[in-house]
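In: return a 3D structure for these sequence lines:
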Amino acid sequence: MPRRHFLRGASSLVALPLFYSLPGRLLADLAPKPLPIATTPDGKPLRLAWVYHPNGVIMENWRPKGKALSGLPPSLEPLQGVSDSLTVVSGLKHDKAFGNGDGAGDHARATGTYLTGVQLKKTGGSDIRAGKSIDQHIADRLNGVTPLPSLELSCSNVRSSGTCDSGYSCAYQYNMSWLSEDTPNTPEVNPRAAFARLFGGVDTAGQKRMEALWERRQSVLDAVSYDAGRLYKTVSVEERGKLDAYLESVRAVEKRIAANTQERQLPDDFEAPSGVPRDYGEYLDTMYDLMALAFQTDSTRVITFLQSHDGSGRKFPEIGIGDAHHNLSHHKGEQDKIEMLKKIDRFYMEAFGRFTQKLADTPDGQSGTLLDSCVVLYGGGICDGNRHNHDDLPLLLAGKGGGLLKGGQHLTVNNEPMCNLYLDLAKAMGAPMERFGDSTGHLKLV
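Out: Okay, the predicted model is just below:
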């Protein structure tokens, strides 16, 4: 990988963050040269991620009052510590998520259209048709730049067939990322498998060797301890602390995964594989930690994370809510349901807040942090779950993209397609496009 060093062991290949104090022979990649694909204006890797929020939000607690983010609304308060790196955007839409003559099925369309911008073919059979998603257009351009062109994660079930919402295929509702119009890009729901993919190598044999390590109750770091010790003596005294912190973060995630080895039933009725935490907040945090490690090591620059599929009936015993999220979203103005939805919105945002703070606390190169070189879009394909509307969508961008975004502001656009923003992001990631989905032109936010 460009600008990265490795720890090698018999069972693993552990990518490391950039160390500027490595010997000259290892610093050859750092000599001035034309900027590689997907870099920030200051030359660091530009990372891009989408995080999906299901079933809409309660807008009165989401939308900032003014243009500046001097004070965040209740649902966004968990992001106060990184507010100077936030850009909240109001007024974006996904017209193709409306029925447009196809009747009911807003939840399937919300998820399936979110990154494709197309009208889904209403079918529950094998003749599905969506569109290649924006993340995969960008990932194609980055193929070979990083070990993983992209990483897809989910805390929901994996379904690519069968009929779900109002006659729509389950493939639409359970997949954000699409390799082509008829091939969903199945996300990984098991943190254990995702960890093995990051640190066991991209090939199946490497991941099996990782599993063998765990069967022997060993850490991936045990396998690379000799190489790590040599590297520790090589880097500067200042960067030894950085190395220690990174290795400890890897071990912490590994321990968290190892603590969740029993198969169990999660609240939204899918059989959770070994490695999935019982507690939903812990599940979210584990996936977010994997995202942070993937960005920190430049293992990939494109990630999608489906926290839960739209229409999810997940319950939230962690915060004292025993009603299903989807049912609550049809609140019909009932205040008790609205208050529970506010708590759910806040629950999701607290997990996202822990993630963004981790990015803000993680150094990136000689100066700046991971959050400085990221753009992480958090939002969903429905605004108000009671109305099932797909305009004025909830959206915020965390990170400054190395100067692409100013941060600390609330921007309002005039009913623009979400795909216009995607054109901006594709251009920033080195994959310019004239048109995508239902785009009408560049939004020019980044």
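In: can you give me the strands for the stretch 251-400 of the chain?
Out: For the stretch 251-400 of the chain, strands defined by DSSP state E, counting those that start in this stretch occupy the ranges 264-265, 271-272, 302-306, 374-379, 395-398.
In: mind listing the helices for the stretch 51-200 of the chain?
Out: 106-114, 134-141, 170-173, 191-199 (DSSP state H, counting those that start in this stretch).
In: same question for the first one, mean pLDDT?
Out: In this case it means helix 106-114. Averaged over helix 106-114, pLDDT sits at 97.
In: centre of the chain to that helix, how far?
Out: 17 Å (C-alpha atoms, centre = their mean, to the nearest Å).
In: repeat that for the last one.
Out: How far helix 191-199 lies from its chain's middle: 15 Å, per C-alpha atoms, centre = their mean.
In: mind exporting it as PDB, just the C-alpha atoms?
Out: Output of helix 191-199 as PDB, limited to C-alpha atoms (Å, rounded to 0.1, in the frame of the first residue of the first chain):
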ATOM      1  CA  PRO A 191     -17.300  -8.100  13.300                       C
ATOM      2  CA  ARG A 192     -15.200 -11.200  13.700                       C
ATOM      3  CA  ALA A 193     -15.200 -11.800  10.000                       C
ATOM      4  CA  ALA A 194     -14.600  -8.200   9.200                       C
ATOM      5  CA  PHE A 195     -11.600  -8.100  11.500                       C
ATOM      6  CA  ALA A 196     -10.200 -11.200   9.800                       C
ATOM      7  CA  ARG A 197     -10.700  -9.500   6.500                       C
ATOM      8  CA  LEU A 198      -8.700  -6.500   7.600                       C
ATOM      9  CA  PHE A 199      -5.900  -8.300   9.400                       C
END
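In: and of the helices of the stretch 51-200 of the chain, who's closest to K44?
Out: helix 134-141 (17.0 Å; C-beta to C-beta). (Glycine included, C-beta is placed from N, CA and C.)
In: I'd say P277 and T286 touch.
Out: Yes: judged on C-beta atoms under 8 Å, P277 makes contact with T286 at a distance of 6.2 Å.
In: returning to what we had before: got the strands of the stretch 251-400 of the chain as TSV, with mean pLDDT and distance to L72 columns?
Out: What follows is these, written out as TSV (pLDDT from 0 to 100; distance: least, C-beta to C-beta, whole Å):
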stretch	mean pLDDT	distance to L72
strand 264-265	44	35
strand 271-272	60	33
strand 302-306	98	22
strand 374-379	97	13
strand 395-398	98	10
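In: pick the most deeply packed of these.
Out: Ranked by mean neighbour count, these are led by strand 302-306 with a mean of 27 (mean count of other C-beta atoms under 10 Å).
In: report the spatially nearest residue to R354, omitting neighbours in sequence.
Out: Closest residue to R354 apart from its sequence neighbours, by C-beta to C-beta, 6 or more residues apart in numbering: D285 at 6.2 Å.
In: contact partners for the one you found?
Out: Applying C-beta atoms under 8 Å, 6 or more residues apart in numbering to D285 gives the contacts R256, A351, R354, F355.
In: what sits against the third one?
Out: Which is R354. Taking C-beta under 8 Å, 6+ apart as the test, what R354 contacts is P78, D285, Y288.
In: neighbours of the nearest residue to A292 once chain neighbours are set aside, just the number please.
Out: Closest residue in space to A292, ignoring its immediate chain neighbours: K358 at 5.2 Å, by C-beta to C-beta, 6+ apart. If you count neighbours by other C-beta atoms under 10 Å, K358 ends up with 20.
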